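[1] only geometry, no sequence info:
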């Protein structure tokens, strides 16, 4: 049985999280989010990154663990995903290479903090911890994975991709919409455009209209349609969202409608933020 870590409420750390959300996210945001995750775990847990050399840990469980709350559509989709969809777990982790130590260690630190639920049961302010993990997750996909690729750190890249998939199963079994949303980001990085689009639509479909994330999920799918050049699809989708949305969401959705019908470049979504 996994040990339990109770995360106490600390307003100072909540304010730091809110400050992260108010900023534009860059490659510098990931270390800031990781620092916050480590502080949230203190004083009960002090973490060390995986060793410089050793075998990569793998799991016999499928990468696409299916939440008990999954709809039939989501269950069918996840069951159909091939086990070879992402890169295989590397058989070993090489020591950090000369000139690339900082980047390699950042990848290992990210891996540990995004899979902490494998080792511990989190209670108390676990919601704040998970939301901070989402920030780290999205920044890792947006910035770190590309950096690892460009510097030839294939093992770290592939290991982190697998850790990201594992995170969605470890941390979000009770919220399949968020699991799909995060998985879509990784699928997009891997060039799996159709899978990413389907996961984004599932994330939106599984989010109740009254949820604070409803517009975020709708905007993410809307933006994907526009990026794919499917303006008509984006128009039809956002008009359908408008018809079903409660009053509190209408100003934001109407802004998306206006952007959809504008000539020239559409406004880009800011869907990486959950609040």
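    That came in fine, so what should we check first? Just so we're clear, the structure is a prediction, and the values are computed from it rather than from any experiment.
[2] middle-most residue in this structure, spatially?
    In the chain, the C-alpha closest to the average C-alpha coordinate belongs to residue 182, at a distance of 3.4 Å (C-alpha atoms, centre = their mean).
[3] my read is that that one contacts residue 170, right?
    No - under the criterion of C-beta atoms under 8 Å, residue 182 is not in contact with residue 170, lying 11.4 Å apart. All C-beta atoms are positioned from the backbone trio N, CA, C, and that covers glycine.
[4] show the pLDDT at the residue nearest to the centre of the chain.
    In this model, residue 182 is scored at 97, pLDDT.
[5] check contacts around it.
    By C-beta atoms under 8 Å, 6 or more residues apart in numbering, the contact list for residue 182 reads 134, 137-138, 164, 167-168, 172.
[6] what about the residue nearest to residue 163 when sequence neighbours are not counted, distance to residue 128?
    Nearest non-adjacent residue to residue 163, counting by C-beta to C-beta, 6 or more residues apart in numbering: residue 111, 4.3 Å away. Using C-beta to C-beta, to the nearest Å, we find residue 111 at a distance of 21 Å from residue 128.
[7] more crowded one of those two?
    residue 111 (23 against 18; other C-beta atoms under 10 Å).
[8] wait, isn't that one in contact with residue 159?
    Yes - using C-beta under 8 Å, residue 111 makes contact with residue 159 at a distance of 6.4 Å.
[9] circling back to that earlier point, which one (most neighbours) among the contacts of residue 182?
    Counting by other C-beta under 10 Å, top hit in the contacts of residue 182: residue 167 with 28 neighbours.
[10] check which helix or strand covers that one.
    helix 154-171 (DSSP states H and E).
[11] tell me what that helix is packed against?
    Here helix 154-171 touches helix 101-114, helix 126-139, helix 145-150, helix 176-189, going by 3 or more C-beta pairs under 8 Å, 6 or more residues apart in numbering; DSSP states H and E.
[12] mean confidence for the shortest one?
    So the one you mean is helix 145-150. On average, helix 145-150 scores 96.
[13] and it, what's buried?
    Buried residues in helix 145-150, counted by 16 or more other C-beta atoms under 10 Å: 145, 147-148.
[14] gap between that helix and the chain center?
    Put simply, helix 145-150 sits 17 Å off its chain's centre (C-alpha atoms, centre = their mean, to the nearest Å).
[15] ok, and what's touching that helix?
    Residues from elsewhere that reach helix 145-150 (C-beta under 8 Å, 6+ apart): 27, 103, 107, 154, 156-157, 160-161, 189.
[16] the host helix or strand of residue 199 versus helix 176-189: what angle between them?
    Assigned by DSSP H and E, residue 199 belongs to helix 193-205. With axes from the mean of the first three to the mean of the last three C-alpha atoms, to 10 degrees defining the directions, helix 193-205 sits at 160 degrees from helix 176-189.
[17] and helix 193-205, what does it pack onto?
    Applying 3+ C-beta pairs under 8 Å, 6+ apart, one finds that helix 193-205 contacts helix 72-80, helix 176-189, helix 214-227.
[18] so, low pLDDT: which residues of the stretch 1-150 of the chain?
    46-94, 96-99 (pLDDT under 70).
[19] redo that, cut-off 50
    Along the stretch 1-150 of the chain, segments meeting pLDDT under 50 span 49, 51-64, 81-84.
[20] just to revisit the earlier point, and residue 9, which of the helices and strands packed on helix 154-171 is closest to it?
    helix 126-139 (8.2 Å; C-beta to C-beta).
[21] name the residues of the closest one that are buried.
    Quick answer for helix 126-139 (16+ other C-beta under 10 Å): 126, 128-139.
[22] likewise stretch 109-128?
    109-118, 122, 125-126, 128.
[23] spatially nearest residue to residue 25, not counting backbone neighbours?
    residue 139 is the one closest to residue 25 (C-beta to C-beta, 6+ apart), at 5.8 Å.
[24] ok, that neighbour - contacts?
    Each residue near residue 139 by C-beta under 8 Å, 6+ apart is listed here: 25, 27, 29-30, 33.
[25] nearest to residue 243 among those?
    residue 25 (31.9 Å).
[26] I'd say the closest one and residue 136 touch.
    No - taking contacts as C-beta under 8 Å, residue 25 lies outside contact range of residue 136: 10.5 Å.
[27] care to break the protein down by domain?
    1-50+100-171, 175-275 (automatic domain parsing).
[28] all set now, cheers.
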